[in-house]
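K.L.:
Everything below, folded, please.
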Amino acid sequence: MTLPEQTQHHAPPTELAREMSTNTMIKTEQQLREEIAALKREEENLKKIDEEIKQNLEIVHEKRVAAEDHDA
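P.N.:
Okay, the predicted model is just below:
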């Protein structure tokens, strides 16, 4: 390892390093925002499915009660 390489590895953060770090944080933030948006869409989809299942259960229950009343 030459002297300039040693100096480069132990040098304090430069403006370029801070800018790269900021860019990395911005990219990470954007990725997290996209992931949150995808999770919210998935949550909404699951809520719709849950509501459909509840409605179907209610229909089955009503048919069952009607069948029991008919048999009685």
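K.L.:
In terms of helices and strands, where is the residue positioned nearest the centre of the chain?
P.N.:
Centroid-nearest residue in the chain, with CA atoms, centre = their mean: residue 39, separated by 3.2 Å. Residue 39 is located in helix 15-71, with elements delineated by DSSP states H and E.
K.L.:
avg pLDDT for that helix?
P.N.:
For helix 15-71, mean pLDDT is 95.
K.L.:
any idea how far that helix is from the chain center?
P.N.:
Distance of helix 15-71 from its chain centroid, counting by CA atoms, centre = their mean, to the nearest Å, is 9 Å.
K.L.:
Number of residues surrounding residue 17?
P.N.:
11 (other CB atoms under 10 Å). (Glycine included, C-beta is placed from N, CA and C.)
K.L.:
Distance check, it against residue 29.
P.N.:
Separation of residue 17 from residue 29 (CB to CB, to the nearest Å) stands at 19 Å.
K.L.:
Same check on residue 14?
P.N.:
In terms of CB to CB, residue 14 sits 23 Å off from residue 29.
K.L.:
Would you mind measuring from residue 51 to residue 42?
P.N.:
Distance from residue 51 to residue 42, counting by CB to CB: 15 Å.
K.L.:
same deal with residue 18?
P.N.:
36 Å.
K.L.:
can you check residue 15 too?
P.N.:
40 Å.
K.L.:
same question, residue 24
P.N.:
27 Å.
K.L.:
One more: residue 61?
P.N.:
For residue 61, the distance to residue 42 - CB to CB - is 28 Å.
K.L.:
Please apply the same query to residue 27.
P.N.:
23 Å.
K.L.:
what's the answer for residue 69, then?
P.N.:
41 Å.
K.L.:
Residue 30 now?
P.N.:
Counting by CB to CB, the gap from residue 30 to residue 42 is 19 Å.
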